[in-house]
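Visitor: predicted model and sequence below, questions to follow.
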Amino acid sequence: MYEKRFMEEAIRLAVENVEKGKGGPFGAVIVKDGQIVAACGNTVTPDNDPTAHAEVNVIRTACRQLGTFQLTGCEIYCSCEPCPMCLGAIYWARPESVYYACTKEDAAEAGFDDSFIYKEIALPEAERTIPFLNRREHPAGEEFRLWRESEEKTEY
């Protein structure tokens, strides 16, 4: 259930990031049972990590804190609508809901335009800006056969 104070915290983190030069203008908070489990800002530039978006950082932190790889029963509050990478991470984490303040259009106006990624995904792999070329070498697929047959796996 949405609570304004959690969104305000996500926005505060985004503003703080800009004011202190700690990273991009994004913040995210994960809540479970009305309590903040994790709160993170974007740290792409200080970490030299293009995956260190606020949403990815907060998912990693919350999962470590909760001792799980899925965020069942959790809500994510984001200062901005998640990008395609974060959207994928969120779906893998499986929270109950995601709330966001600014839109992807707001982000684009500030220079964070991820619409090209959505366009790239729709293109044939070889026509993308970064070509994706399938080269299935032996024994590709063996890992999936082993996974299917394993009785030791933890499904996710």
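Guide: Received it, and whenever you're ready, just let me know what you need. Just so it is clear, the model here is predicted, and its values are computed rather than measured. Residues are numbered from 1 along each chain as shown.
Visitor: how many neighbours does Pro131 have?
Guide: Neighbourhood size, Pro131 [other C-beta atoms under 10 Å]: 10. Every C-beta, even on glycine, is put in place using the N, C-alpha and C of the backbone.
Visitor: now do the contacts for it.
Guide: Contact analysis of Pro131 by C-beta atoms under 8 Å, 6 or more residues apart in numbering lists Glu125.
Visitor: can you check Cys102 too?
Guide: Cys102 neighbours (C-beta under 8 Å, 6+ apart): 79-81.
Visitor: what about it, distance to Ala28?
Guide: Cys102 is 12 Å from Ala28, where distance means C-beta to C-beta, to the nearest Å.
Visitor: ranking helices and strands of this protein by mean pLDDT, which lands last?
Guide: Scoring the helices and strands of the chain by mean pLDDT, DSSP states H and E places helix 115-122 at the bottom, with a mean of 94.
Visitor: quick one, phi/psi of Asp33?
Guide: phi 50, psi 40 (degrees, to the nearest 10).
Visitor: thought Glu120 was touching Asp114?
Guide: No - the criterion here is C-beta atoms under 8 Å, and Glu120 misses it with Asp114 at 10.0 Å.
Visitor: thinking again about what came up before, list the residues that contact both of Cys102 and Ala28?
Guide: When contacts are counted by C-beta under 8 Å, 6+ apart, Cys102 and Ala28 have Ser79 as shared neighbours.
Visitor: SS state for Ala38?
Guide: Three-state call for Ala38 (DSSP: H, G, I helix; E, B strand; the rest coil): strand.
Visitor: span of stretch 99-112 from start to end?
Guide: Using C-alpha to C-alpha, to the nearest Å, the span of stretch 99-112 from its first residue to its last is 19 Å.
Visitor: may I see the buried residues of it?
Guide: Residues 99-102, 104, 107, 112 are the ones in stretch 99-112 that count as buried (16 or more other C-beta atoms under 10 Å).
Visitor: which of the residues you listed sit farthest apart?
Guide: Tyr99 and Phe112 (19.0 Å; C-beta to C-beta).
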